[in-house]
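*Asks:* When you get a sec, could you give me coordinates for this:
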Amino acid sequence: MDDASSNQESQGNSTRPLMLVIIIAMVAVLAFLLTQRSTGEPAIRPADGVVTDPLLAPQLSSLADAVDADPDDVDRRSSLGYGYESNELYEPALATWKQLLAMEPESWVWPYRMGMTFERMGDLDAAIDSMSASVKRSPPETVDPWWRLATWLIDAGRLEEAEPVLIEAVERDGEALPVRVAQVKLALAQTKGSEAEEMILRFRLTSSLPGGYGWNLLGQAIRQQGRLEEAGKVASRASDVRPRFSDVFSQQASGAVGGLRSLKLAAVAQAEAGKWQDVIQTTSRVLRHEPDDPSSRRLHAIARFRTGDAAGAEKEIMSLIEDSPEPSLWSTLGSIRLQLFRDEGDVSLAEAALDAVKQGLALAPDDRLLLTVQGRVQGMLGNPAGAYESLRLAWDQDRSRTEILKVAMVAINEADLWAEAIEMSAALHAVEPGDPMAGAGYALGLARLGRIEEARSILKGLNGRRIHAGLRQQAKALVEQESTDAN
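*Replies:* Residues are numbered from 1 along each chain as shown. Alright, predicted model coming up:
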């Protein structure tokens, strides 16, 4: 072997160990990268048979598949969590939030979501524990976890713990409506009725809180001070249904609602907006999958009624009543028959409407909708005094309902009950002074009660463009007669 060949062989032998080391190092790095590539756990999936919604199941399955495709992607996993929570699948939602908390142990978001989920599952103690962890990490500009935790602590009777939490919430945003409600609730829980009443009036909670909950709080505050008769009057306007305040992640949560539930929510929104043709289309889609869903069947019937198919709507509501004769169905049936009476002029239809209302009132004597329909029917059947009594009872259930006052004014005028109905006419004048009957009727009632100067003041302020001339003339004559007699 010559010297050149010998040198080449020697060099080759010397580079082999180096190449081997490089290869081993590359394999080790690749193995390390492969083991580190995915630290996230597999997606949580509901047990078989839990998701029965045929539209929702594939949506959730697709979200879970996306998580498994990239287990380290927090956004994908949180989308799955919102999908579960927003569609009321709380067990898999909770498990998903726990996974995210393990991935981001310093985040305030995941204990917040755990708290919300625990609360909806009815486990208030666990909800408080989770929200307590959230407030300690929440950003300085965020008030939501603080007032929410304070409210839950008050609900649990842990008032000493609630106080410092609520103080922090006030410092962050003392003008936020949920914070103000929590302040009132804490005062009531501490039996500080006078302090609670002062805050309710200063914060104007009777008008800013929907559904009569502000009146409920005011009634409690007044009752704590021993003014029982006054509290009883307030109770007629109150509701114990606590408003649900949206949380800081409402947009993500609402966007995650899917399947038939999203269609049902859309139908309700369409009905509230008066888009009745859209309601028919949306509820029809729901009923193809859930033909016995009572809320969709009722909305579908009402939409048919609103779009001119009163006969078809009546038949649909009657079918619902056969399944479950609820008061709301009887009021709807009464309204439909009343419209049929207006369309066809057959008195028997009005009597049938009244019969439907009476059957509903037998189940719920104080139902506002039933009483309102009864008042309308009685007025059309020539019984204005009975119409006034029914409408007065309906208004007592919710005095924010101006539309009841307007219908009642017609009955009051026909029955000539202006003095007896002074409270209702005063209420209409306060909220809609421009209504033709408001000022004139109020002045007439005042004059009949001998409150001449008040009646005179109302008459002077009337706008001549929209006034019930007959009522104004009657009131004016009484005022002038009293003035003549006084001289």
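*Asks:* low pLDDT regions in the protein?
*Replies:* Within the chain, the stretches with pLDDT under 70 are 1-39, 236, 464, 483, 485-487.
*Asks:* Give me the distance from the host helix or strand of residue 412 to the chain's centre.
*Replies:* According to DSSP states H and E, residue 412 maps onto helix 402-415. Centre-to-centre, helix 402-415 and its host chain are 29 Å apart (C-alpha atoms, centre = their mean, to the nearest Å).
*Asks:* switch to numbering from 5
*Replies:* OK, 5 is where the count begins now, so the last one is helix 406-419.
*Asks:* so what secondary structure elements neighbour the next helix-or-strand element following it?
*Replies:* Proceeding N to C from helix 406-419, the next assigned helix or strand is helix 426-435, under DSSP H and E. Using 3 or more C-beta pairs under 8 Å, 6 or more residues apart in numbering; DSSP states H and E, the elements in contact with helix 426-435 are helix 388-401, helix 406-419, helix 442-452. All C-beta spots, glycine's among them, are computed from the backbone N, C-alpha and C.
*Asks:* Tell me which other helices or strands the shortest one touches.
*Replies:* Packed against helix 442-452, as judged by 3+ C-beta pairs under 8 Å, 6+ apart, are the following elements: helix 406-419, helix 426-435, helix 456-464, helix 473-490.
*Asks:* Over to the second one?
*Replies:* Using 3+ C-beta pairs under 8 Å, 6+ apart as the contact definition, the elements that helix 406-419 packs against are helix 372-384, helix 388-401, helix 426-435, helix 442-452.
*Asks:* do that again at 10 Å, thanks
*Replies:* With contacts defined as 3 or more C-beta pairs under 10 Å, 6 or more residues apart in numbering; DSSP states H and E, helix 406-419 has these neighbours: helix 372-384, helix 388-401, helix 426-435, helix 442-452, helix 473-490.
*Asks:* angle of the first one against helix 406-419?
*Replies:* Inter-element angle recorded for helix 372-384 and helix 406-419: 30 degrees (by axes from the mean of the first three to the mean of the last three C-alpha atoms, to 10 degrees).
*Asks:* again with the last one
*Replies:* Relative orientation of helix 473-490 with respect to helix 406-419: 60 degrees, computed using the same axes, to 10 degrees.
*Asks:* re earlier: highest average neighbour count across the helices and strands packed on helix 426-435?
*Replies:* Of the helices and strands packed on helix 426-435, the one with the most neighbours on average (mean count of other C-beta atoms under 10 Å) is helix 442-452, at a mean of 27.
*Asks:* Please identify the most buried of the helices and strands packed on helix 442-452.
*Replies:* Among these, the stretch with the highest mean neighbour count (mean count of other C-beta under 10 Å) is helix 406-419, at a mean of 21.
*Asks:* just so I have it, where are all the helices in the stretch 105-254 of the chain?
*Replies:* Ranges of helices in the stretch 105-254 of the chain, per DSSP state H, counting those that start in this stretch, are 113-124, 128-139, 148-159, 163-177, 181-193, 197-207, 209-212, 217-228, 232-239, 254-259.
*Asks:* got TSV for these, with mean neighbour count and distance to residue 309 too?
*Replies:* Converted to TSV, those look like this (neighbours: other C-beta atoms under 10 Å; distance: least, C-beta to C-beta, whole Å):
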stretch	mean neighbour count	distance to residue 309
helix 113-124	23	34
helix 128-139	20	42
helix 148-159	25	40
helix 163-177	17	44
helix 181-193	21	36
helix 197-207	18	39
helix 209-212	16	32
helix 217-228	22	30
helix 232-239	14	33
helix 254-259	14	29
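*Asks:* To residue 442, which of those helices lies closest?
*Replies:* Residue 442 lies closest to helix 209-212 among these, at 19.4 Å (C-beta to C-beta).
*Asks:* elements contacting that closest one?
*Replies:* Of the remaining helices and strands, those touching helix 209-212 by 3+ C-beta pairs under 10 Å, 6+ apart are helix 181-193, helix 197-207, helix 217-228.
*Asks:* of the helices and strands packed on helix 426-435, which approaches residue 110 most closely?
*Replies:* helix 388-401 (50.4 Å).
*Asks:* name the helices or strands packed onto the closest one?
*Replies:* Helix 388-401 makes packing contacts with helix 351-367, helix 372-384, helix 406-419, helix 426-435 when contacts are defined by 3+ C-beta pairs under 10 Å, 6+ apart.
*Asks:* Now do the second one: which elements does it pack against?
*Replies:* Helices and strands in packing contact with helix 372-384 are listed as helix 331-348, helix 351-367, helix 388-401, helix 406-419; criterion 3+ C-beta pairs under 10 Å, 6+ apart.
*Asks:* what is the orientation angle of that helix with helix 331-348?
*Replies:* Going by the same axes, to 10 degrees, helix 372-384 makes 30 degrees with helix 331-348.
*Asks:* Please put the alpha-carbon coordinates of helix 372-384 into CSV.
*Replies:* Listed next in CSV are the C-alpha coordinates belonging to helix 372-384 (Å, rounded to 0.1, in the frame of the first residue of the first chain):
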residue,chain,number,x,y,z
ARG,A,372,-100.4,40.2,34.7
LEU,A,373,-100.8,39.0,31.1
LEU,A,374,-104.0,37.2,31.9
LEU,A,375,-105.5,40.2,33.7
THR,A,376,-104.5,42.5,30.9
VAL,A,377,-106.2,40.3,28.2
GLN,A,378,-109.2,40.0,30.5
GLY,A,379,-109.4,43.8,30.8
ARG,A,380,-109.2,44.2,27.0
VAL,A,381,-111.9,41.6,26.4
GLN,A,382,-114.2,43.1,29.0
GLY,A,383,-113.8,46.5,27.4
MET,A,384,-114.8,45.2,24.0
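*Asks:* If we go by neighbour counts, what in it is buried?
*Replies:* 372-384 (16 or more other C-beta atoms under 10 Å).
*Asks:* Of the helices and strands packed on helix 406-419, which is nearest residue 348?
*Replies:* Here helix 372-384 is closest among the helices and strands packed on helix 406-419 (C-beta to C-beta), at 12.8 Å.
*Asks:* What angle do helix 388-401 and that closest one make with each other?
*Replies:* 160 degrees.
*Asks:* returning to what we had before: which of the helices and strands packed on helix 372-384 sits closest to residue 312?
*Replies:* The nearest among the helices and strands packed on helix 372-384, by C-beta to C-beta, is helix 331-348 at 9.2 Å.
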